[in-house]
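# coordinates only, sequence not included:
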């Protein structure tokens, strides 16, 4: 969900949902597609009251709309794109560029590699300075196109592609956990 979609979702959020937030629930970004109500310990919380207080639903809504760009940017700094959104976007990129574009195997380097910028799953070629850090499917053996197609489908459907994305970004997504560890726990 980008900033404009987030603002639209805030406008579409019901008064009952805003009231639940005022009553202590959390705003959750469900599968990067919609805002729901949840608990503070749920995954994908994009907003909770904390020490803030608001006099009305309209005040809360206005505050969130004013901060929408910052909230969505901060959210994606510390939270991964959901597996559903990642798999869908990756499948679209593969449909656009072909199965073999994202595959490296003996005698062939990947033509494109996968990156996630905020909420967007994108691909970049070797002219990108960060190309070597991107995600690709690495095959140990050279394979014919049909076998590559099956490997790519399995890579996505098994969750391995998403796992590769998470493993590349594990430090970034764990940074909030590290902020909560006191200095004495390092000793």
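Cool, got the structure. Small disclaimer: the values here were computed from a predicted structure and weren't measured.

# all contacts plus neighbour counts: C-alpha atoms, from now on.
Fine.

# Next, the contact list for residue 60, please.
By CA atoms under 8 Å, 6 or more residues apart in numbering, the contact set of residue 60 is 18, 54.

# Please report how far it lies from residue 47.
11 Å (CA to CA, to the nearest Å).

# How about the contacts made by the residue nearest the centre of the chain?
Centroid-nearest residue in the chain, with CA atoms, centre = their mean: residue 81, separated by 1.3 Å. Shown in contact with residue 81 (CA under 8 Å, 6+ apart): 31-32, 118-119.

# one more time with 10 Å, if that's ok
Contacts for residue 81 (CA atoms under 10 Å, 6 or more residues apart in numbering) come out as 1, 31-32, 44, 75, 87, 116-121, 162, 165-166.

# re the thing from before, could you pull out the residues contacting both of residue 60 and residue 47?
Residues touching both residue 60 and residue 47 comprise residue 21, with contact defined as CA under 10 Å, 6+ apart.

# next SSE after the longest helix out of those in the chain?
Longest helix in the chain by number of residues, with DSSP state H as the criterion: helix 83-97. Downstream of helix 83-97, the next assigned helix or strand under DSSP states H and E is strand 103-104.

# From the contact counts, what lies against that following strand?
Counting contacts by 3 or more CA pairs under 10 Å, 6 or more residues apart in numbering; DSSP states H and E, strand 103-104 packs against strand 137-138, helix 145-157.

# Could you name the helices and strands sitting against whichever helix or strand comes after the longest one?
This means helix 145-157. The helix or strand immediately downstream of helix 145-157 is helix 160-168, counting by DSSP H and E. Judged by 3+ CA pairs under 10 Å, 6+ apart, the packing partners of helix 160-168 are helix 83-97, strand 113-117, strand 137-138, helix 145-157, helix 170-179.

# That's all I had, so thanks and see you.
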